[in-house]
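In: only geometry, no sequence info:
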């Protein structure tokens, strides 16, 4: 809330001092919150422990298969999702560089070599075009 001039300078000065103390207190609280975020443990991005084969089969028994529907009217261009992150590098290219090993990119930021390992199935790919990037 902005301070407005008052008729009596002493009232204005008192309010200004109170606002100053409140500002210092708010700054201290914000600094304490920021410090706790900086010191927080990093999140791990590992997949969850798989369920047993028997439990997976039990879940699959509850699924009713249906025929694939029509894609009429669908156009991937209606759903732009690879935003530019830096320079000419978009989200996909940034994730490929981040998650790959020995990734080499060309002048347009496309990965031309490297390898990518999947913790989900233990497979390794050496062609970036074979790697799907999911939005999770």
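Out: Here it is on my side, so go on. Fair warning: this is a prediction, and the values are worked out from it, not measured in the lab. Numbers count the residues shown, from 1 in each chain.
In: quick one, helices of the protein?
Out: In the chain, helices defined by DSSP state H lie at 9-38, 53-61, 91-99, listed in chain order.
In: which of those helices has the lowest average pLDDT?
Out: In terms of mean pLDDT, the lowest-scoring of these is helix 9-38 (a mean of 53).
In: for the residue nearest to residue 101 when sequence neighbours are not counted, list the residues it contacts.
Out: If the residues on either side of it in the chain are set aside, residue 101 comes closest to residue 115, at 5.1 Å by CB to CB, 6 or more residues apart in numbering. All C-beta atoms are positioned from the backbone trio N, CA, C, and that covers glycine. The neighbourhood of residue 115, defined by CB atoms under 8 Å, 6 or more residues apart in numbering, consists of 100, 101, 102, 124, 125, 126.
In: would you confirm that the second one contacts residue 113?
Out: When you say that, I think you mean residue 101. No. Contact between residue 101 and residue 113 fails when scored by CB atoms under 8 Å: they sit 10.4 Å apart.
In: higher neighbour count, the two?
Out: Set residue 101 next to residue 113 and count neighbours by other CB atoms under 10 Å: residue 113 wins out with 13 against 10.
In: how near is that one to residue 134?
Out: Taken as CB to CB, to the nearest Å, the spacing of residue 113 relative to residue 134 amounts to 23 Å.
In: report the separation between the residue nearest to residue 101 and residue 92.
Out: Distance of residue 115 to residue 92, computed by CB to CB: 17 Å.
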